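> here you go, sequence then predicted model.
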Amino acid sequence: QLQLVESGGGLVQPGGSLRLSCAASGSTLDYYAIAWFRQAPGKEREAVACNTISDNSNYVDSVQGRFIVSRDSAKNTVYLQMNSLKEEDTAVYYCGLKYWGERWCPLTSPSDYAYWGQGTQVTVSS
């Protein structure tokens with residue numbers, strides 16, 4: 001059974017950086033599109049970025065140029081490098097997987113992704 005475990009969250013000052021990890025077990029990531037979503041208190045889960053098996057990535061406008069999504073097949077792990085963090089980036093971050101072989105990946109709804117981790121808290125505050 002496919003399981004995902006996120007890590008790397010924490011407290012960081014505005015302008016700082018964090019790298020989130022999402023380790024997969026139970027299956028190789030080679031057949032899955034991956035995505036990062038986030039959920040702030042009182043808000044719906046929203047998309048952040050996604051990456052395809054052909055290493056094409058897509059980002060929402062609010063993180064474009066600041067965040068980078070990547071995968072390491074050898075480690076079966078997904079990463080989200082977050083730079084120039086802002087207070088509005090504060091949220092619980094989740095990684096999701098979708099069995100998907102297309103050269104693009106969806107960033108419209110959490111329901112597009114079938115498997116989820118438990119989330120990791122990111123707090124950006126001075």
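Yes, it's here. Numbers count the residues shown, from 1 in each chain.
> now the spatially most central residue of the chain, nearest residue through space, not along the chain?
By Cα atoms, centre = their mean, the chain has its centre lying nearest to residue 36, at 2.2 Å. Once flanking residues are discounted, residue 36 sits nearest to residue 48: 4.3 Å by Cβ to Cβ, 6 or more residues apart in numbering. C-beta: built from backbone N, CA, C; applies to glycine.
> who's in contact with that neighbour?
Residue 48 is in contact with 35-38, 59-60, 63, 67, 69, 80, 93, counting by Cβ atoms under 8 Å, 6 or more residues apart in numbering.
> if you set the cut-off to 10 Å instead, what comes out?
20, 35-38, 59-60, 62-63, 67, 69, 80, 82, 89, 91, 93-95, 107 (Cβ atoms under 10 Å, 6 or more residues apart in numbering).
> with residue 92 instead?
6, 9, 37-41, 45, 118-123.
> what do you get if the cut-off is 6 Å, keeping everything else the same?
39, 119, 121 (Cβ atoms under 6 Å, 6 or more residues apart in numbering).
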